[in-house]
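> The sequence isn't on hand, but the structure is:
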Ligand code: ADP
Ligand code: MG
């Protein structure tokens, strides 16, 4: 579904991505796992079209999108700190992507209400973002990303700012949500436990290089090298 071929990105003298090639299977929930600074966000932003690569190619659904602008890549994006529109209700926040696409109001209304049920925010459509908890806000962000019915969801440490209990809850819930909607999803995380728990595929990045890709059991039982072994081995 998503194919990255030989992606390279330099920030000045620093090579943030160093020849990354990655296949993300259709309908998978793939974790992009690696220590801080390993290039996870850079790779995710390149897939979204928010960064240009120095070399390499990105395909989504068999189409070369390397030179396609972000808004035409069919992607839903969720960041760690969700920039909600504070003066807009939950319903208008979630429906925003649809309203700028000129979808009819009643259609927006019913789709948003359906999505809010799906993410466990049913009945909260008239609240403002400040009246939601951190966890509820990230659920709203996911609903907003899903509203445009994206082919691909890209989540960059979406639960990183939440406390451990809420994070664990949302992790389970994301797994459940993914089983319902089957959108091809990449979850960026530096948290080994989160990746092993939630994802059906894991790609391990280190210093801008892809160390290993596989399912959680493969990685855990057969780490490709000492970095992967050490990194996964530090799970308590
Ligand atoms: P991760 O998400 O894995 O923590 P990033 O992809 O954000 O890593 O960053 C990888 C490296 O690239 C880091 O060393 C970071 O400082 C550097 N970097 C990221 N974005 C920029 C930027 N806009 N300008 C310069 N350096 C950057
Ligand atoms: Mg990052």
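Yes, it's here. What you are looking at is a predicted structure, and each value in this text was computed from that prediction instead of being measured. Numbering: from 1, shown residues only. Ligands and ions are numbered 1, 2, ... in the order given.
> Show residues contacting stretch 216-227.
With C-beta atoms under 8 Å, 6 or more residues apart in numbering as the test, stretch 216-227 has contacts from 195-196, 199-200, 202, 204, 206, 211-212, 214, 228-229, 232. Any C-beta I mention is one placed from the backbone N, CA and C, and that applies to glycine too.
> do the same with stretch 190-199
Contacts to stretch 190-199, defined as C-beta under 8 Å, 6+ apart, come from residues 29-31, 33-36, 40, 157, 159, 167, 171, 174-175, 187, 189, 202, 216, 220, 231-232, 234-236.
> following the biggest helix by length in the chain, which helix or strand shows up next?
In the chain, with assignment by DSSP state H, the single longest helix is helix 164-181. Later in the chain than helix 164-181, the nearest helix or strand by DSSP states H and E is strand 184-189.
> about what we covered before: so which of the contacts of stretch 216-227 is the closest to ligand 1?
residue 206 (9.4 Å; C-beta to the nearest ligand atom).
> Name whatever forms a beta bridge with the residue nearest to the spatial centre of the chain.
Against the mean C-alpha coordinate of the chain, by C-alpha atoms, centre = their mean, the closest residue is residue 155 at 1.8 Å. Residue 155 has these beta-bridge partners by DSSP bridges: residue 78, residue 187.
> Does it touch residue 187 like I think?
Yes: assessed by C-beta atoms under 8 Å, residue 155 is found in contact with residue 187 at 4.7 Å.
> And for residue 163, the neighbour number?
10 (other C-beta atoms under 10 Å).
> Quick check: the gap between the nearest residue to it once chain neighbours are set aside and ligand 1.
Excluding the flanking residues, the one nearest residue 163 by C-beta to C-beta, 6 or more residues apart in numbering is residue 134, at 7.9 Å. Residue 134 is 21 Å from ligand 1, where distance means C-beta to the nearest ligand atom, to the nearest Å.
> what's the pLDDT at residue 134?
Note for residue 134: predicted pLDDT of 90.
> before we move on, the earlier item: let's see the ChimeraX selection covering just the buried ones among the contacts of stretch 190-199.
Applying 16 or more other C-beta atoms under 10 Å to the contacts of stretch 190-199 leaves a buried subset, and the ChimeraX line that selects it is:
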select :29,30,31,33,34,40,157,159,167,171,174,187,189,202,216,220,231,232
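> Strands - which of the contacts of stretch 190-199 land there?
The strands, defined by DSSP state E, take in 29-31, 33, 187, 189, 202 from the contacts of stretch 190-199.
> farthest pair in these?
29 and 33 (12.4 Å; C-beta to C-beta).
> Would you map out the domains in the chain?
1-74+153-236, 84-149 (automatic domain parsing).
> and this protein, which of its residues are near ligand 1?
Residues of the chain lying close to ligand 1 (C-beta under 6 Å from any ligand atom) are 11, 16, 34, 36-42.
> same thing but 8 Å
11-12, 14, 16-17, 34-45, 51, 156-157, 188, 190, 205, 208 (C-beta under 8 Å from any ligand atom).
> Just the buried residues of these.
Those of the residues of the chain next to ligand 1 that meet the buried threshold are 16-17, 34, 38-45, 51, 156-157, 188, 190, 205, 208, by 16+ other C-beta under 10 Å.
> quick one: which of those residues sit in helices?
Secondary structure defined by DSSP H assigns 40-45 of those to helices.
> pLDDT weak spots in this protein?
82, 235-236 (pLDDT under 70).
> Burial check on residue 143, number of neighbours?
By other C-beta under 10 Å, neighbour count at residue 143 equals 27.
> swap in the one 4 residues further on?
Other residues within reach of residue 147 by the criterion other C-beta under 10 Å amount to 23.
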